[in-house]
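S.K.: Just to be clear, the model below is a prediction. Sequence and coordinates:
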Amino acid sequence: MKLTILGCHSATPRTNTNPTSQVLEIKNHMFLIDCGEGTQVELRRNRVKFSRIKHIFISHLHGDHYFGLIGLVNTFSLLTRETELHIYGPEGLKEVILLQMKLSGGWTKYPLVFHELSSKVSELIFEDDKVEVYTIPLKHRIYTNGFLFKEKKNERKLDINLVYEANIDTAYFRKLKQGYDVVNEDGVLIANEKVTKDPILAKSYAYCSDTVYNEEMIPIIKDATVLYHESTFLDKNESLCIPTKHSTAKHAATIAKKANVETLILGHYSTRYSGYNEFKAEAKTIFDNVLLAKDGKTFNFD
């Protein structure tokens, strides 16, 4: 599981800071999460292949999370894209994008598929044989979702020497990987744990931006491998959280601790701050394993 931060700042883009966007690589998927202004430039800067992006997830319709989308959609056309592009986001996103395309005469030649979201409870919005994606309802000034990306349970690993010693036909290898006991060529039932090893634990990534402190998300993100949680403000500016519906670094750390996640990544910093080490210091008073998002930074979770 690999996460590349394209932008991790709130509000407006600046010469050295980008609004929110990131790429999650998981089980051979490359998911684009939010698409703030300048996203396609950062995709190029970070050498992300445009053709690998088949699914884009937009959390909400504040500009710093989707103003880069129409440009990216258009660039895909200019690059003669043919494969489908699926976009998941709040109701209204399709209307906005299609109106821009209509007025500019910039219709795509590739299939553009919108999945508009309106549910206020968590729902499964994407699934294949390897990954599931769920919404995480957040509390912001407008309808907003985070997203939980979950690997499906990995198959057990064959101890091939023990499998051959047990005289098991190759036709049963698939069953063994799925965890079943099987009968060998001598008619003896072989217990699965005798010839297989435990699978690599499935990983999960919870993306939560933007939101005021919200404990209702905890059951959804419980035990996640990684949590990205907005930390727009430092504790000294906590009074700004209620009117803006944002969180502090301490709020993010509290959610991480109560949800028992393994790693917390802080981001969505207000540009009022010149440095970010204080965010980490504040969060670590509550939760130990804290990382700081940074534009262009890549995190690998093996």
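M.R.: Noted; the coordinates are in hand. Numbers count the residues shown, from 1 in each chain.
S.K.: got the contact list for Thr39?
M.R.: Contact partners of Thr39, counting by C-beta atoms under 8 Å, 6 or more residues apart in numbering, are Leu6, Gly7, Asn18, Ser21, Leu32, Gly68, Leu69, Gly71, Leu72. Using the backbone N, CA and C atoms, a C-beta is placed for each residue, glycine as well.
S.K.: which of those residues are buried?
M.R.: For the contacts of Thr39, burial is judged from neighbour counts taken by 16 or more other C-beta atoms under 10 Å, and it is met by Leu6, Gly7, Asn18, Ser21, Leu32, Gly68, Leu69, Gly71, Leu72.
S.K.: And the last one, how far from Gly38?
M.R.: Distance, Leu72 to Gly38, by C-beta to C-beta, to the nearest Å: 10 Å.
S.K.: Find the nearest non-adjacent residue to the residue lying farthest from the centre of the chain, please.
M.R.: Among the residues of the chain, the one whose C-alpha is farthest from the average of all C-alpha positions is Asp186, by C-alpha atoms, centre = their mean at 48.2 Å. Ranked by C-beta to C-beta, 6 or more residues apart in numbering and with sequence neighbours excluded, the top spatial neighbour of Asp186 is Asn167, at 5.9 Å.
S.K.: Can you classify the one you found as helix, strand or coil?
M.R.: Classification of Asn167 into helix, strand or coil gives coil, according to DSSP: H, G, I helix; E, B strand; the rest coil.
S.K.: you'd agree it is up against Val183?
M.R.: No - with the criterion set as C-beta atoms under 8 Å, Asn167 and Val183 do not qualify as a contacting pair; they are 10.3 Å apart.
S.K.: OK, contacts around Ala256?
M.R.: For Ala256, the set of contacting residues under the criterion of C-beta under 8 Å, 6+ apart consists of Leu227, His229, Leu264, Ala283, Ile286, Phe287, Val290.
S.K.: Next one: it from Asn74, what distance?
M.R.: Separation of Ala256 from Asn74 (C-beta to C-beta) stands at 38 Å.
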